[in-house]
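Just a sequence and a predicted model for now, questions to come.
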Amino acid sequence: MDIMQEIGEKISTLRKQKGMTQRDLADILHVSDKNVSKWECGRSVPDIFYLKQLADVFGVTVDYFIDQSDVKEVIDENRQKRTRAAKISFIVLLIFALAPLLVTVIARIFLPETVPCHFDADWTVTRWGSSKELVIMGGSFFCIIATAAVALCYAFVKIDNAEIRQWTVWLAFGVFAAMAVAMTAIGADIVKRCYDLALAEGYTVADYSKFNQLFSVIIVVLFAVCGALCIFVPQNAVIGVRIPYSYKGKEEWAFVNGVTGAAMYVVSVAMLVTIGSVDGPAGFGLVGAALFAPVAAALVASFVSVSVHKKIKGAKTSNKIDKRGENAEK
């Protein structure tokens, strides 16, 4: 019998012997009744933290639910759940992080050079600024959210603690996502106020075609989104890099996609900042860079990733051989 089904049947039997409903048990454990239902149906397994609570509730030991030899399997199962949640959170946060940077770059293209301005509490302008300050502001917001995404993913993928449960991942994701939305709203509000003050002072927008810059912005943002999606996309038929090494297996394809996606995302963000820093009308050179720079970075990264992955696999193989030798000597 599958370990998940076996644990589920034991929970169900003990719950019924105690005369409890799934809702009653869920209230004691401070979880939803859907979680209890999933456990009993064998669709998921409680982590060690909940197994200890279940043992206390039913007056048994943890060993009743699971043998010590199966503990690693349960830990791995819950680690995989946290990892999936962390990966999804990471990708979405990377995409959210683009929002404040995108707002400030577009604002710089379409607003007077004096925006943003600096004002006091009474909205009296104390100093007229430079529009490049907008890109600095958007870039700062981007760095905060992107760093939070990396930290969140690392914490919940690498830290193996039974009390760090899947809902914690989603809670942290919600906090950082709300920060991204708030930063975007704050940035947009500041830009709007500065724009109104600039118009009141008679400042106007520079009159030239902004099509090239706007088109380039759209292109690099699309590349950035694709890059973020590729970072944790496994072997698939829709998105990802396809080079001969990718077809060796799911692990190889996932690694190549991850490195390639990261390179595409970083270069796309760099291009977005570059577009926001351009003064005056942009030529077709900028459009060409927006179209080809992320793609070129992805191609280079895909082939570099092959040699990196081979070295990692070689190191793992050597470690296994060394451990076997040590065990044989013992």
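Here it is on my side, so go on. Numbers count the residues shown, from 1 in each chain.

which stretches of this structure form strands?
Assigned by DSSP state E, the strands in the chain fall at 117-119, 125-128.

Would you mind finding the most buried of these?
strand 117-119 (a mean of 16; mean count of other C-beta atoms under 10 Å). C-beta coordinates here come from the backbone N, C-alpha and C atoms, glycine included.

ok, that strand: who's next to it in the sheet?
Applying DSSP bridges, strand 117-119 is found paired with strand 125-128 (antiparallel).

who touches the partner strand?
114, 117-120, 197-198, 201 (C-beta atoms under 8 Å, 6 or more residues apart in numbering).

Looks like Thr61 contacts Ala55 (just checking).
Yes: using C-beta atoms under 8 Å, Thr61 is in contact with Ala55, at 5.7 Å.

Show me which of the two is the more surrounded one.
Ala55 (16 against 11; other C-beta atoms under 10 Å).

Just give me the neighbour total for Lys16.
11.

ok, back up a step: could the strands of the chain be laid out in JSON lines, adding mean pLDDT and distance to Asn257?
Shown next, in JSON lines, are the strands of the chain (pLDDT from 0 to 100; distance: least, C-beta to C-beta, whole Å):
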{"stretch": "strand 117-119", "mean pLDDT": "81", "distance to Asn257": "44"}
{"stretch": "strand 125-128", "mean pLDDT": "85", "distance to Asn257": "47"}
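
Including distance to Val306, could these go into TSV?
Converted to TSV, these look like this (distance: least, C-beta to C-beta, whole Å):
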stretch	distance to Val306
strand 117-119	51
strand 125-128	52
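
and Tyr50, which of those strands is closest to it?
strand 117-119 (53.7 Å; C-beta to C-beta).

quick one: that closest one to chain centroid distance?
Taking C-alpha atoms, centre = their mean, to the nearest Å, one finds the center of strand 117-119 at 34 Å from the center of the full chain.

Stretch 103-110 now?
Distance, stretch centre to chain centre, for stretch 103-110: 25 Å (C-alpha atoms, centre = their mean).

which parts of it are buried?
Residues 103-109 are the ones in stretch 103-110 that count as buried (16 or more other C-beta atoms under 10 Å).

Check the residues you listed and tell me the two furthest apart.
Among the buried residues of stretch 103-110, Val103 and Ile109 lie farthest apart (C-beta to C-beta), at 11.1 Å.

who touches Val105 in this structure?
Val105 neighbours (C-beta under 8 Å, 6+ apart): 134-135, 138, 217, 272-273, 275-276.

Can I get those residues in CSV including neighbour count and pLDDT?
Listed next are these as CSV, based on neighbours: other C-beta atoms under 10 Å; pLDDT from 0 to 100:
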residue, neighbour count, pLDDT
Leu134, 26, 84
Val135, 21, 88
Gly138, 28, 87
Val217, 20, 94
Leu272, 27, 94
Val273, 18, 93
Ile275, 26, 92
Gly276, 24, 89
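
residues contacting the nearest residue to Val217 once chain neighbours are set aside?
Spatial nearest neighbour of Val217, excluding adjacent residues (C-beta to C-beta, 6 or more residues apart in numbering): Ile275 at 5.7 Å. Ile275 sits next to 105, 213, 216-217, 220, 282, 286, 290 when contact means C-beta under 8 Å, 6+ apart.

any idea how far Ile275 is from Ser246?
31 Å (C-beta to C-beta, to the nearest Å).

Thanks again, I'm all set now.
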